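Enquirer: 3D model of this:
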Amino acid sequence: MDKKTIAPAAINALIEALTNIYWYKSELRSFIANTVSDFSLLTKLNWEDYKRNIISTLINFLVEDQDHYQNDLLKLMTEVCKIDDFSHLERIKDGGKEKAMIARKSVEALKRLMEPHENIIKEQITKEEHIKKAFEKTLQIQGVQQKLDEIKNTFYQLISSQENQKRGFMLEKIMKNLFNLFDLDPKASFKIIGEQIDGAFTFNNTDYLFESKWQHKPIDIKDLDAFSGKLNRKLDNTLGLFLSINGFSADAVKAHSTGRRLMILMDGSDLMAVLEGRIDLLLLLFKKRRCAAQTGNIYLKIHEIISG
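Expert: Coordinates of the predicted model:
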């Protein structure tokens, strides 16, 4: 059966509501970052543009590939419809009450158009509940839910930070805490002659070097080349995990998916899925490593893992 698609009228209503519910772009960006599953989507947007253009670009991108992004569209629609407090708009000195009224009306219009999509939403909720219930058992047994929430909250606070150096340092700390939580025996960043290593850990009796980057553009070939060089100077069984919050360029992935594959790649969407409890970090690493070994693909995406 073909996947049901969201009606164009509902899409237009979503664009209208998202444009109106926040006046400041920073608040809008935070809302989107905390709602969509694919963090790299935020890097596809020109945040210097007008809000309506930003939203239209995002939603049109999601609509063009509903096989992958329909859940994100439905999540955006659902979360927007939950908003019933518009005091943040009313406080704006210049026309705040009018802005709040426009926002309220646009959300109500979206709510009316959501009703015909209830079956699609129920299917999404059922799938998400199945995934979460399977992982809840692990969380309860390991007793890590509270700590995972703490790490998640720290990461979300960094999303809107403009202090790149501090953000990079805090990302290393977050990952060390996460590796600790899943018993991966992490080592803090260390320096040996001529090179800096962000960290290391052990998984399935294999030592991994860890590298992390949080920059605006996707990681390119030169960064993966540099990391590959560090791995080549270690023992033969040493592998690498490279985390780039905003993903990797297609050329970089292709160049390092041939020959001896030394690393697996992780992005912000992978990290958010782990922090939100949608997948176990150990399972994520296992699936990525197995895919790299069997198919050569070192950058297995989170939506492929979950849907697969």
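
Enquirer: pLDDT wise, what is the residue minimising distance to the centre of the chain at?
Expert: The centre of the chain sits closest to Ser269, judged by CA atoms, centre = their mean, with a distance of 2.3 Å. Reading off the confidence values, Ser269 has pLDDT 92.

Enquirer: go through the one helix or strand Leu171 maps to and flag the buried ones.
Expert: Here Leu171 sits within helix 164-181, counting by DSSP states H and E. For helix 164-181, burial by neighbour count (16 or more other CB atoms under 10 Å) applies to 167-168, 170-172, 174-176, 178-179, 181. For every residue, glycine as well, the C-beta is placed using N, CA and C.

Enquirer: going by distance to Ala293, which of the residues you listed wins?
Expert: Distances from Ala293 to the buried residues of helix 164-181, taken as CB to CB, are shortest for Phe179 (21.4 Å).

Enquirer: which residue sits closest to that closest one in space, ignoring its chain neighbours?
Expert: Among residues not flanking Phe179 along the chain, Pro186 sits closest, at 3.6 Å (CB to CB, 6 or more residues apart in numbering).

Enquirer: was I right to think the one you found contacts Glu172?
Expert: No: Pro186 is not in contact with Glu172 according to CB atoms under 8 Å; the separation is 10.1 Å.

Enquirer: shared neighbours, those two?
Expert: Residues touching both Pro186 and Glu172 (CB atoms under 8 Å, 6 or more residues apart in numbering): Gly199.

Enquirer: quick one: contacts of the strand or helix carrying Met101?
Expert: Per DSSP H and E, Met101 falls inside helix 96-114. Contacts to helix 96-114, defined as CB under 8 Å, 6+ apart, come from residues 7, 9-10, 13-14, 16-17, 19-21, 23, 77-78, 80-81, 83-84, 86-87, 89-90, 92, 121.

Enquirer: one step back: ok, the residue nearest to Phe179 - contacts?
Expert: 175-176, 179-180, 199-201, 210.

Enquirer: mind checking the SS state of the residue nearest to the centre of the chain?
Expert: When classified by DSSP: H, G, I helix; E, B strand; the rest coil, Ser269 comes out as helix.

Enquirer: that one and Thr206, how far apart?
Expert: 24 Å (CB to CB, to the nearest Å).

Enquirer: please apply the same query to Ile302.
Expert: Between Ile302 and Thr206 the computed distance is 22 Å (CB to CB).

Enquirer: neighbour-wise, which of the two wins?
Expert: Higher neighbour count among Ile302 and Thr206: Ile302, with 24 against 11, using other CB atoms under 10 Å.

Enquirer: and the helices in the stretch 151-300 of the chain?
Expert: Remark: helices assigned in the stretch 151-300 of the chain by DSSP state H, counting those that start in this stretch are 164-181, 221-232, 250-255, 268-275, 281-295.

Enquirer: angle of the first one against helix 281-295?
Expert: Translated: helix 164-181. Relative orientation of helix 164-181 versus helix 281-295 (axes from the mean of the first three to the mean of the last three CA atoms, to 10 degrees): 100 degrees.

Enquirer: for Phe227, grab the count of nearby residues.
Expert: Neighbour count of Phe227, defined by other CB under 10 Å: 24.

Enquirer: with pLDDT added, can I get the buried residues of helix 164-181 in JSON lines?
Expert: Below are these laid out as JSON lines (pLDDT from 0 to 100):
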{"residue": "Arg167", "pLDDT": "82"}
{"residue": "Gly168", "pLDDT": "80"}
{"residue": "Met170", "pLDDT": "86"}
{"residue": "Leu171", "pLDDT": "87"}
{"residue": "Glu172", "pLDDT": "85"}
{"residue": "Ile174", "pLDDT": "89"}
{"residue": "Met175", "pLDDT": "89"}
{"residue": "Lys176", "pLDDT": "87"}
{"residue": "Leu178", "pLDDT": "89"}
{"residue": "Phe179", "pLDDT": "88"}
{"residue": "Leu181", "pLDDT": "86"}
